[in-house]
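[1] Turn this into a model:
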Amino acid sequence: DIIKTQDILKDENIDHDEDEDDDEDLKSSRKTHVEQALSYDPHVVLEQFSKLNYVERYINANFQYATCYIDEIKERYEYP
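    Coordinates of the predicted model:
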């Protein structure tokens, strides 16, 4: 049998404490940042959205090389 002296036990406790500190550092580094919930005024959002000219941007982005159906797409997606 191995007899553990007080010095050996003390050394083991120090090593164990260091491991716990490392675990705490690792856990804290894994925590994600919680973002504050934003509240938007729907009227402001709608106004900004309408200023973006979304339909034109969508068409330009998705129909760069095929322009034959642009008029149909505009009619389908534009506001009434």
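[2] Which segments of the protein make up each domain?
    The chain breaks down by automatic domain parsing into domains covering 1-31, 35-80.
[3] Could you tell me the least trusted of the ones you listed?
    Set side by side, the domains of the chain differ in mean pLDDT, and domain 1-31 is lowest with a mean of 56.
[4] Please tell me how far residue 76 sits from residue 48.
    23 Å (C-beta to C-beta, to the nearest Å). Every residue, glycine included, has its C-beta placed from N, CA and C.
[5] swap that for residue 57, sorry
    Per C-beta to C-beta, residue 57 is found 13 Å from residue 48.
[6] And for residue 73?
    Distance of residue 73 to residue 48, computed by C-beta to C-beta: 23 Å.
[7] Which of these two has more residues huddled nearby?
    Taking other C-beta atoms under 10 Å, residue 73 and residue 48 do not tie; residue 73 has more neighbours (15 against 10).
[8] sec struct for the more buried one, please.
    helix (DSSP: H, G, I helix; E, B strand; the rest coil).
[9] list the contacts for it?
    With contact set as C-beta atoms under 8 Å, 6 or more residues apart in numbering, residue 73 has these partners: 59, 63.
[10] redo that, cut-off 10 Å
    55, 58-59, 62-63, 67 (C-beta atoms under 10 Å, 6 or more residues apart in numbering).
[11] Counting neighbours, which of those residues end up buried?
    Buried subset of the contacts of residue 73 (neighbour count, 16 or more other C-beta atoms under 10 Å): residue 59.
[12] Filter the contacts of residue 73 down to the ones in helices?
    Using DSSP state H, the subset of the contacts of residue 73 located in helices is 55, 58-59, 62.
[13] Adding distance to residue 40, write those residues out as CSV.
    As requested, these are exported to CSV (distance: C-beta to C-beta, whole Å):
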residue, distance to residue 40
55, 22
58, 22
59, 26
62, 27
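[14] quick one: residue 70 and residue 51, what's the gap?
    Relative to residue 51, and taking C-beta to C-beta, residue 70 is found at 21 Å.
[15] Please say which of the two ends up with more neighbours.
    residue 70 (12 against 8).
[16] Assess the claim that that one and residue 63 are in contact.
    Yes. In this structure, residue 70 is within contact of residue 63 by C-beta atoms under 10 Å, at 6.0 Å.
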